[in-house]
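Participant: Mind folding the following:
(chains A and B, ligands or ions: 2)
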Amino acid sequence: MSDNRFEFVKMEESASEHLSAPRYSYWASVFRKFFSSKVVITMLVISAVIMLFSFIHPLFSHYDPTSQGNINDKTMSFIKPCLEYPFGTDRTGRNMFDAVWASCGNSLSIALIATGVTTTLGVIVGAFWGFSKKLDKIMIEVYNVVANIPFTLVVMVLVYVMGAGKWQLIFALSCTSWLSTAYFIRVQVMIIRDREYNLASKCLGTKTSTIITRNIMPYLTSIIVTSIARDVPNFISYEVFLSFIGIGLDVTEPSLGRMVSDYVQYMQAPSASYLFWIPVILCAMISVSLYIVGQALADATDPRTHMI
Amino acid sequence: MSTNNEKEVLLSVRHLEVTFYNNKKRFRAVKNANFDIYKGETFALVGESGSGKTTIGRSIIRLNHTSDGEILYKGKKINGKLSKAEQRDVIRNIQMIFQDPAASLNERATIDYCVSEGLYNFHLYENEEDRERKVDDVLNAVGLLPEHKSRYPHEFSGGQRQRIGIARAMVMEPEFIIADEPISALDVSIRAQVLNLMNKFKKERGLTYMFIAHDLSVVRYFSDRIAVIHKGRIVEIAPTDELFNYPLHPYTLSLLQAVPMPDPQIEKAKELVIYDESKRDLSGEKPILQEIRPGHFVFANDREMAEYREKLKEMIAFKKEHPTND
Ligand SMILES: Nc1ncnc2c1ncn2[C@@H]1O[C@H](COP(=O)(O)OP(=O)(O)OP(=O)(O)O)[C@@H](O)[C@H]1O
Ligand SMILES: [Mg+2]
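Facilitator: Ligands and ions are numbered 1, 2, ... in the order given. Purely as a prediction, here's the structure:
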């Protein structure tokens, strides 16, 4: 064979450095991962529909739980769910469709506001708590005392002392619960704080505040979302529980818990059991759908799930 | 000014003590360490896991608190309390390459940010273009491509990540680099690549290295002088050839035994020495680090010094009779 049939191929050193993986973008991956499951999309649609109805329907229905306009009209009471009254009516002839959405909206807003306060306060305090040894000494004592008092007891005592009402209930729910979020964040910050890449940043002269925002907080996105996903359904069940045992909200304020407690007497009555089951099922649907959506979002914001 | 035999001291560690407290329990991680590092050399610090190598390295760049002693950089004290400006000076001049490439990069930041972080902190660029050029240049120097800038650390292999770590230190244009076992977490096949890269930078930029390693085989062809550390105590310091030819301290001997020999005959005949401090004759006065030959220090008391001198004489005589090529 003659040499001219061969040709020199230059060796290209940088070829081996080429990354064949497609370009990575954090938020695009979060988006893709989040929408990759049919169950999650279904749950997202369910919770979106429930929220839309809960917050928009009451604006038109102006539902007032104290008005009993139809109490003397026997034809209006105990109408089973039909086209005109999708959720039926109760003994006093109240339109359950209006009542359910007004209650749902109120319960949801209580849970969402309480979660907002808890998370904001918890994350800010937790970040500094994890970084400062001095603050840790004080906070850990406070936490140990508060964490050992049952949460239900704290809420019940506060509600009794301050009286019933939406804002009092929100205060009672968030009063101590931000501490456990802060503690949760503190532990995570402490784990991440001494990791080598933060030491490396320190060696490059990066300020502590920049280390918190650029090195620590991005790692906590999924942890914060997890905590939110856990708090919202939790606060909803607390509201339901408190209203069920008759404390927390004023009689003028509709809520899922109040509905459940009002209609629990019909649970066994075959002709009117819908009065009890509709709010119960709705309550379960809110909790489950929000929880699953939250968990899926928490998973999706964790970049370890982005590979494959 | 440096002449041939009067080398310029860049970093000087004097009576360094580092103590950790665990619930009131004291633990001396570094005990009375003394050594000098000359400008332009590679100084290796070798010892087993947990001997305090990283602790010494981290004390120099102020990540660890020192409980006693002094660290002098170009004659200026850099441990203990310093002003903001002095702290920034230390960071500008001394950089570190970390032990674990998997843990030392921020996973939520792009390579562009990882490499530029120091540039941003010290505003070491004239404008955005200048910064990009600097990042491109340093990535190119470590064999990575400019297109990698928008990628995230988890997309890279261990060797590539370690080179990103090197790029991030190099872009600061430091004079002195502490390399904490930069290759021990890497696959054997890419170790040489990273070592060659570090050597290239040393030649091009006249850098000084403190190279931390846990066995002697790695540092043999890479370093000018070696310090052997055992349980926080430096037991022997010598130029590389001297240490390999005339090892004196029993711990150094046991480390040398761990270096594999290319000759199977020698490898088979090798008898394993395991260093056990409790079995040694520790009678006599307290040992200190003493100079036995020019540039060769060993941790010993007067009785041991006499033994070592005897041994050294024998070894030198033996070498004369049996000259080897190495
Ligand atoms: N922050 C700390 N608090 C308490 N003890 C510590 C701390 N850092 C290190 N130590 C202890 O100091 C000793 C020396 O640790 P160091 O990390 O310096 O070892 P090393 O020689 O680098 O080991 P390796 O080869 O495993 O990296 C170890 O016993 C370790 O447990
Ligand atoms: Mg180490």
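
Participant: going forward, measure contacts and count neighbours with C-alpha atoms only.
Facilitator: OK.

Participant: Residue nearest the middle of chain B, spatially speaking?
Facilitator: residue B:211 (2.4 Å; Cα atoms, centre = their mean).

Participant: Does that one belong to a helix, a strand or coil?
Facilitator: strand (DSSP: H, G, I helix; E, B strand; the rest coil).

Participant: residues in contact with it?
Facilitator: B:42-45, B:178-181, B:223 (Cα atoms under 8 Å, 6 or more residues apart in numbering or on different chains).

Participant: So what pairs up with it in the strands?
Facilitator: Under DSSP bridges, the beta-bridge partners of residue B:211 are residue B:44, residue B:179.

Participant: mind checking how far it is from residue B:222?
Facilitator: When distance is defined by Cα to Cα, to the nearest Å, residue B:211 is 9 Å away from residue B:222.

Participant: residues shared between the contacts of those two?
Facilitator: Residues touching both residue B:211 and residue B:222 by Cα under 8 Å, 6+ apart: residue B:42.

Participant: Closest residue of chain A to chain B?
Facilitator: In chain A, no residue comes nearer to chain B than residue A:197, which is 3.9 Å away by Cα to the nearest Cα.

Participant: nearest spatial neighbour of residue A:50, skipping sequence neighbours?
Facilitator: Nearest in space to residue A:50, with sequence neighbours left out and distances taken as Cα to Cα, 6 or more residues apart in numbering or on different chains, is residue A:286 at 7.4 Å.

Participant: per-residue pLDDT, the one you found?
Facilitator: According to the predicted model, the pLDDT of residue A:286 comes to 91.

Participant: dump the residue contacts of it.
Facilitator: Listed by Cα under 8 Å, 6+ apart, the contact partners of residue A:286 are A:47, A:50, A:233.

Participant: ok, the first one - how many residues close by?
Facilitator: Spelled out, that is residue A:47. The local packing count at residue A:47 equals 20, with neighbours defined by other Cα atoms under 10 Å in any protein chain shown.

Participant: give me the number of residues near the residue in the stretch 101-250 of chain A that ligand 1 sits nearest to?
Facilitator: For the stretch 101-250 of chain A, the residue positioned closest to ligand 1 under Cα to the nearest ligand atom is residue A:194, at a distance of 9.2 Å. Around residue A:194 there are 11 other residues, counting by other Cα under 10 Å.

Participant: Provide the secondary structure category for residue B:173.
Facilitator: Put simply, residue B:173 is coil when judged by three-state DSSP.

Participant: ok, it - contacts?
Facilitator: Residue B:173 makes contact with B:92-93 under the criterion Cα under 8 Å, 6+ apart.

Participant: Let's see that with 10 Å instead.
Facilitator: Taking Cα atoms under 10 Å, 6 or more residues apart in numbering or on different chains as the criterion, residue B:173 is in contact with B:92-95, B:167, B:205, B:207.

Participant: and what of residue B:288?
Facilitator: Contacts were defined as Cα under 10 Å, 6+ apart; by that measure residue B:288 touches B:32, B:234-235, B:297-302.

Participant: Give me the distance between it and residue B:299.
Facilitator: Using Cα to Cα, which is the criterion applied here, residue B:288 is 5 Å from residue B:299.

Participant: Please apply the same query to residue A:85.
Facilitator: Following Cα to Cα, the distance that separates residue A:85 from residue B:299 is 94 Å.

Participant: for residue B:291, same thing?
Facilitator: With the distance defined as Cα to Cα, residue B:291 ends up 9 Å from residue B:299.

Participant: so residue A:178 sits right up against residue A:172, yeah?
Facilitator: No. Counting by Cα atoms under 10 Å, residue A:178 does not reach residue A:172; the two are 11.1 Å apart.

Participant: Between those two, which contacts overlap?
Facilitator: When Cα under 10 Å, 6+ apart defines a contact, the residues bordering residue A:178 and residue A:172 alike are residue A:114.

Participant: Residue of the stretch 101-250 of chain B closest to chain A, please.
Facilitator: Taking Cα to the nearest Cα, chain A has its nearest neighbour within the stretch 101-250 of chain B at residue B:104, 3.9 Å off.

Participant: Now do the contacts for that residue.
Facilitator: Residues in contact with residue B:104, defined by Cα under 10 Å, 6+ apart, are A:195-201, B:97-98, B:153, B:161-162, B:164-165.

Participant: which element is it on?
Facilitator: Assignment of secondary structure by DSSP states H and E places residue B:104 within no helix or strand.

Participant: If we go by neighbour counts, what in stretch B:79-89 is buried?
Facilitator: By 16 or more other Cα atoms under 10 Å in any protein chain shown, the buried positions in stretch B:79-89 come out as B:79, B:87-88.

Participant: In helices only, show me those residues.
Facilitator: Among the buried residues of stretch B:79-89, the members falling in helices (DSSP state H) are B:87-88.

Participant: Put together TSV for the buried residues of stretch B:79-89, with pLDDT and distance to chain A on each row.
Facilitator: Formatted as TSV, the entries for the buried residues of stretch B:79-89 read as follows, by pLDDT from 0 to 100; distance: Cα to the nearest Cα, whole Å:
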residue	pLDDT	distance to chain A
B:79	92	14
B:87	92	9
B:88	92	7
